[in-house]
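Colleague: build the 3D model from these lines:
(one chain, ligands or ions: 2)
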Amino acid sequence: MSDQNRKPAVLEVKDLRVYYETPAGDVLAVNGIDFQLYQGETLGLVGESGCGKSTAAMGILQLVVPPGRIVSGQVLLEGQNLLDLTESELRKLRWAKLSLIPQGAMNSLNPTMKVNRQIQDVIDAHRRGTSKQETQDRILQLLQMVGLPERVYHMYPHQLSGGMKQRVCIAMAIALSPQVIIADESTSALDVVVQRVVAQTMLRVKESLGVSMIMIGHDMGLMAQMVDRIAVMYAGKIVEIAFVKEIFDHPAHPYSQLLIESVPSLKEHKPLKVTEGITHDPRHPPPGCIFQLRCPLVMDQCRQQEPVAQEIRPGQWVACHAYQASEAK
Ligand SMILES: Nc1ncnc2c1ncn2[C@@H]1O[C@H](COP(=O)(O)OP(=O)(O)O)[C@@H](O)[C@H]1O
Ligand SMILES: [Mg+2]
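Modeller: Ligands and ions are numbered 1, 2, ... in the order given. Got it, this is the predicted structure:
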């Protein structure tokens with residue numbers, strides 16, 4: 001799924017597949033995803049729990065551990081395929097060029113270490129020779145950038161609220177000014193008000209640094225307010241990618257339609273659509289379209305042939321047989 005007339009892609013993911021080995025067969029967690037992340041943009045990766053978002057993030061960073069494995073694909077960062085790099089080359093690149101705020105990051109801060117030490121570790125691992133004073137100044141600057149008061153420097157994680165811990169994780173992610181940040185459900189564990197504030201901080205920081213960002217989440221409504229484009233994921237596949245306005249005005253894939261109908265609307269007081277969750281066994285996806293078992297528009301073709309993503313409007317890509325022959329209405 002590529003767009004012409006766009007800024008250059010900083011990150012390009014091609015046919016990435018990540019499977020988990022289980023006694024009953026491989027779980028096809030990420031089963032051939034393609035997308036590009038453009039310079040300076042925020043791309044939302046949205047889909048319900050278990051659809052493979054976190055696995056995709058780990059696959060991009062080459063952090064997949066057994067029983068998981070990368071089966072195939074390319075992850076091109078500024079044209080360089082990360083799958084070709086050695087572990088030591090990858091270590092240099094993580095945090096410095098490509099950083100991940102993993103799901104649940106704020107709960108995995110080291111409880112025995114003060115905030116300044118945790119940030120310092122990230123800086124030290126990559127920038128040997130930085131003076132103590134420079135490092136301290138940099139940490140204070142980072143705290144300020146993410147909206148934390150100076151006193152947090154000397155505090156332990158347990159002395160901080162959830163929102164503050166999440167800000168520390170953001171500070172660590174930007175400490176080495178990476179080109180790309182992947183934030184996995186970074187606001188999901190926070191309450192609604194804090195969620196918004198932290199998300200805004202993330203975007204402000206992103207703007208001021210000019211980094212490109214992938215925001216992973218399951219809340220389509222929240223995502224719509226944060227990102228430039230949305231990639232909708234279902235059972236290991238990206239079924240649609242489009243600009244936020246396009247996808248909200250005319251979602252093309254039946255699953256995107258379902259997700260958007262389930263966003264609560266204050267104006268309309270519509271009853272919420274109940275989403276069922278992925279219905280097939282992830283070890284044995286049905287042949288043909290991945291969404292066929294839940295799709296209200298399912299046709300014979302969908303049970304036999306996998307739909308290929310195609311651009312139905314500028315920048316709007318959808319993998320659905322309903323669009324294969326006909327033009328978008
Ligand atoms: N260690 C594992 N072993 C087996 N299956 C796993 C493992 N980790 C994740 N999975 C499976 O991979 C799929 C994708 O999981 P995940 O990437 O965590 O989804 P998401 O982040 O979208 O909730 C799910 O079906 C999940 O059960
Ligand atoms: Mg996840």
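
Colleague: pull the number of nearby residues for the closest residue to ligand 1 within the stretch 201-329 of the chain.
Modeller: As assessed by C-beta to the nearest ligand atom, ligand 1 sits closest to P282 within the stretch 201-329 of the chain, at 4.3 Å. (C-beta placed from N, C-alpha, C; glycine too.) P282: 20 surrounding residues under other C-beta atoms under 10 Å.

Colleague: which helices and strands does the lengthiest helix in the chain pack with?
Modeller: The longest helix of the chain (DSSP state H) is helix 192-209. With contacts defined as 3 or more C-beta pairs under 8 Å, 6 or more residues apart in numbering; DSSP states H and E, helix 192-209 has these neighbours: helix 162-174, strand 212-217, helix 220-226.

Colleague: then that helix to PDB, C-alphas only?
Modeller: Output in PDB follows, covering the C-alpha atoms of helix 192-209 (Å, rounded to 0.1, in the frame of the first residue of the first chain):
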ATOM      1  CA  VAL A 192     -10.000   9.100  30.100                       C
ATOM      2  CA  VAL A 193      -8.900  12.600  31.100                       C
ATOM      3  CA  VAL A 194      -5.300  11.600  31.700                       C
ATOM      4  CA  GLN A 195      -5.400   9.600  28.500                       C
ATOM      5  CA  ARG A 196      -6.100  12.700  26.500                       C
ATOM      6  CA  VAL A 197      -3.500  14.900  28.200                       C
ATOM      7  CA  VAL A 198      -0.800  12.300  27.800                       C
ATOM      8  CA  ALA A 199      -1.700  11.700  24.200                       C
ATOM      9  CA  GLN A 200      -1.500  15.500  23.600                       C
ATOM     10  CA  THR A 201       1.900  15.600  25.200                       C
ATOM     11  CA  MET A 202       3.000  12.800  22.900                       C
ATOM     12  CA  LEU A 203       1.800  14.700  19.900                       C
ATOM     13  CA  ARG A 204       3.400  18.000  21.000                       C
ATOM     14  CA  VAL A 205       6.700  16.300  21.600                       C
ATOM     15  CA  LYS A 206       6.400  14.600  18.200                       C
ATOM     16  CA  GLU A 207       5.700  17.900  16.500                       C
ATOM     17  CA  SER A 208       8.600  19.600  18.200                       C
ATOM     18  CA  LEU A 209      11.100  16.800  17.300                       C
END
